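# Show me how the following folds:
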Amino acid sequence: MRRTSVALLALATVLLGAVPASAVSADTGGGTGKGWEPAPSAPWDVTAGVRCDFPVHGEPVVDEVVQRVLDTYPDGSAKRVAYKGDLVVRVTNTGTGASYDADASGTAVVDYRTDGSQFWSVRGPVLVGVGENGGNLPRGLYIIDGVYTLDIGSTGYKTVTMASGTQDDLCARID
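Residues are numbered from 1 along each chain as shown. Presented below is the predicted three-dimensional model:
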């Protein structure tokens with residue numbers, strides 16, 4: 001399992017359409033200092049054809065993710081949030097039982113926009129799900145690792161812009 005001084009995230013329902021998310025700030029304290037609160041990820045399921053050609057179940061097996069609100073809108077709703085902590089999600093092909101423990105312990109800060117869109121500034125691995133014609137990646141489940149941004153439009157369209165890094169196709173791992 002990867003550990004970094006600024007560990008991150010559990011990607012949310014918005015990213016997988018059913019999977020909670022997390023991200024982290026550049027806090028080097030390594031602990032849960034003032035303002036950090038638990039941000040647990042829930043188990044999720046997607047039917048065949050939504051992300052992979054087969055049905056998939058995801059469940060955190062390690063979830064030490066916390067969040068901290070960095071900025072709010074005048075109404076008190078979150079504008080910018082940092083998430084951090086170790087996250088490993090067991091991704092299972094429910095048709096065959098094949099599974100893979102995906103490390104999604106990277107770093108990120110999420111800007112929540114008033115139109116429902118989000119902008120993620122990420123360093124490290126994050127679990128991202130993309131539907132058919134739902135982003136600049138093909139339909140699938142990925143661990144994206146490196147330095148990059150993830151722009152989630154108000155329609156849910158996901159644009160990953162890599163500065164450097166890799167993409168690991170989880171559907172292929174558990175096919």
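
# got the residue ranges for the strands in this protein?
For the chain, the strands defined by DSSP state E occupy 37-38, 44-46, 56-63, 66-72, 78-84, 87-93, 99-103, 107-112, 118-123, 126-130, 140-152, 158-169.

# deepest of the ones you listed, which one?
Stretch with highest mean neighbour count among the strands of the chain: strand 126-130 (a mean of 28; mean count of other Cβ atoms under 10 Å). C-beta here means a position set from N, CA and C on the backbone, and glycine is covered the same way.

# Strand partners (parallel or antiparallel) of it?
Take DSSP bridges as the rule and strand 126-130 pairs in its sheet with strand 140-152 (antiparallel).

# can you list contacts of the strand it pairs with?
For strand 140-152, contacts defined as Cβ atoms under 8 Å, 6 or more residues apart in numbering pick out 14-16, 51-52, 56, 91, 102-104, 106, 117-130, 158-171.

# So for D175, which of the strands of the chain sits nearest?
D175 lies closest to strand 87-93 among those, at 6.8 Å (Cβ to Cβ).

# Give me the sheet partners of that closest one and which way each runs.
Going by DSSP bridges, the partners of strand 87-93 are strand 56-63 (antiparallel), strand 99-103 (antiparallel).

# for it, what is the average pLDDT?
For strand 87-93, the mean pLDDT works out to 98.

# Which residues outside it are in contact with it?
Applying Cβ under 8 Å, 6+ apart, the external contacts of strand 87-93 come out as 1, 8-10, 19, 22, 41, 52, 54-65, 98-105, 127, 141, 170, 173-175.

# Quote the end-to-end distance of stretch 66-82.
Taking Cα to Cα, to the nearest Å, the first and last residues of stretch 66-82 lie 8 Å apart.

# next one: that stretch to chain centre, how far?
From the chain centre to the centre of stretch 66-82 is a distance of 18 Å (Cα atoms, centre = their mean, to the nearest Å).

# And the average pLDDT for that stretch is what?
Computed over stretch 66-82, the average pLDDT equals 96.

# try stretch 130-145
Mean predicted confidence for stretch 130-145 is 98.

# May I have the distance across it, first residue to last?
Chord length of stretch 130-145, first to last residue, is 16 Å (Cα to Cα).

# in the protein, what spans have low per-residue confidence?
The chain contains residues with pLDDT under 70 at 1-34.

# Would you quantify the distance from the residue of the chain most remote from its centre to V109?
Among residues of the chain, the one most distant from the C-alpha centroid is P74; the distance is 26.8 Å, by Cα atoms, centre = their mean. Taking Cβ to Cβ, to the nearest Å as the measure, P74 falls 20 Å from V109.

# likewise V160?
Using Cβ to Cβ, V160 is found at 16 Å from V109.
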